[in-house]
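Q: Please work out how this folds:
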Amino acid sequence: MSRLNANLILILVALIWGSAFVAQSIGMAHIGPMTFTGVRFLIGALVVAPVMGWEWRQLRVNAKPLKGIDGLKIAGLGSLLLLGAAMQQIGIVSTTVTNAGFLTALYVPMVPLLSWLLLRQRPHWSAWPGALACLGDAYLLSGVRSLSFVSGDAWVIASTLPWALHVLLIGRVADRLSAPFLVAGGQFLVCGVVASGLALAYEPITHESLNAAIWPLLYTGVLSVGVAFTLQVVAQRFAQATDAAIFLSAETLFAALFGYLMMDERLNAAGVAGCGLILLSMLSVQLLPLLPVLYRRASAKRALQSGVSSD
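A: All right, here's what the predicted structure looks like:
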């Protein structure tokens, strides 16, 4: 898969995730955050279960079965997924869809920083202005309403660290194991089981409440988890983690769009400027690395033409 195709898939993932903020907000009117997180990730695991079984058989046929350490890596990814999803879901209870979508973008500048600190990988210089543009976007939106560390905004901000670590590590694990579907479904299962256990222990769950939230659960379970998170795993085998974070941050644009269309939420001038920064950062991270290549090609063409003219 080419880098361009991987980035296009990540934009599709961002579109699905952005629309899911609305479903998450609606679903939270009926059930608790851990119940919502647990059920939707278990639904996502069921969605990818058939391809997980196929991939498991292929690995055994090729004499490359997963080892115990591989299971621990998948469990670690599932734990990061649980932390990020649960804290975000708790935050959505008391913040707007637009704020939740934009504040989640705070994980974007963390990814190149963590890549440099933890993995000793220095991203292309264009990733830094792109990541800072996403940070500026979140700052502009935060000016719409005051942030408090006892509010839903604080929970969403806290979720950005596990999200950043997840984006940083997911592609590396899936690529090394050559098992993107097992990695995706395995982390869904870990997240769903643990979240459901916490929900049973601490949240009231009734048949009526689950039935009232069934459509948001199905939408987020099938599309946001089963389809989008799986596509993320596949695409990040071929995309740099920093690039992936910037493209996935487009979910903030789509969250604002769907918040406007379905929940009558409005952006002021600062929010619109933030949208522009997101678009600018996506274009820069895609196009700026190509400039040296285009320059070398142009120089080679001029040298060739000069040689022909001298003859």
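
Q: check contacts around the residue nearest the centre of the chain.
A: By Cα atoms, centre = their mean, the mean C-alpha position of the chain lies nearest to Leu248, the distance being 5.3 Å. Taking Cβ atoms under 8 Å, 6 or more residues apart in numbering, we find Leu248 in contact with 10, 13-14, 17, 108, 167, 232. All C-beta spots, glycine's among them, are computed from the backbone N, C-alpha and C.

Q: From those, which shows the smallest pLDDT?
A: Sorting the contacts of Leu248 by confidence puts Val108 at the bottom, with a pLDDT of 73.

Q: just for the stretch 151-300 of the chain, where's the confidence low?
A: Low-confidence segments of the stretch 151-300 of the chain (pLDDT under 70): 151, 256, 259-300.

Q: Also the stretch 1-150 of the chain?
A: 97-102, 121-150.

Q: related to what we said a few turns ago, sort out for me which of the contacts of Leu248 are in helices.
A: Among the contacts of Leu248, the residues falling in helices (DSSP state H) are 10, 13-14, 17, 108, 167, 232.

Q: and Pro203, what does it touch?
A: Slight slip there: residue 203 is Glu, not Pro. By Cβ under 8 Å, 6+ apart, the neighbours of Glu203 are 31-35.

Q: change it to 6 Å
A: 32, 34-35 (Cβ atoms under 6 Å, 6 or more residues apart in numbering).

Q: With respect to Ala86, which of those residues is nearest?
A: Met34 (6.2 Å; Cβ to Cβ).

Q: can I assume that closest one is in contact with Leu198?
A: Yes: with contact defined as Cβ atoms under 6 Å, Met34 counts as touching Leu198 (4.6 Å).

Q: of the two, who's got more company?
A: The residue with more neighbours, out of Met34 and Leu198, is Met34; 24 against 18, by other Cβ atoms under 10 Å.

Q: re the thing from before, could you dump the contacts of Leu248 to CSV with neighbour count?
A: Shown next, in CSV, are the contacts of Leu248 (neighbours: other Cβ atoms under 10 Å):
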residue, neighbour count
Leu10, 26
Val13, 26
Ala14, 24
Trp17, 25
Val108, 31
Val167, 24
Gln232, 26
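
Q: Reformat those residues as JSON lines; add distance to Ser209.
A: Formatted as JSON lines, the contacts of Leu248 follow (distance: Cβ to Cβ, whole Å):
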{"residue": "Leu10", "distance to Ser209": "34"}
{"residue": "Val13", "distance to Ser209": "29"}
{"residue": "Ala14", "distance to Ser209": "30"}
{"residue": "Trp17", "distance to Ser209": "24"}
{"residue": "Val108", "distance to Ser209": "35"}
{"residue": "Val167", "distance to Ser209": "32"}
{"residue": "Gln232", "distance to Ser209": "30"}
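
Q: so, if you compare those, which one comes nearest to Pro216?
A: Among the contacts of Leu248, and counting by Cβ to Cβ, the member closest to Pro216 is Trp17, at 14.0 Å.

Q: what sits against the closest one?
A: 228, 251.

Q: Trp116 versus that one, what's the distance?
A: As for Trp17, its distance to Trp116 is 26 Å (criterion: Cβ to Cβ, to the nearest Å).
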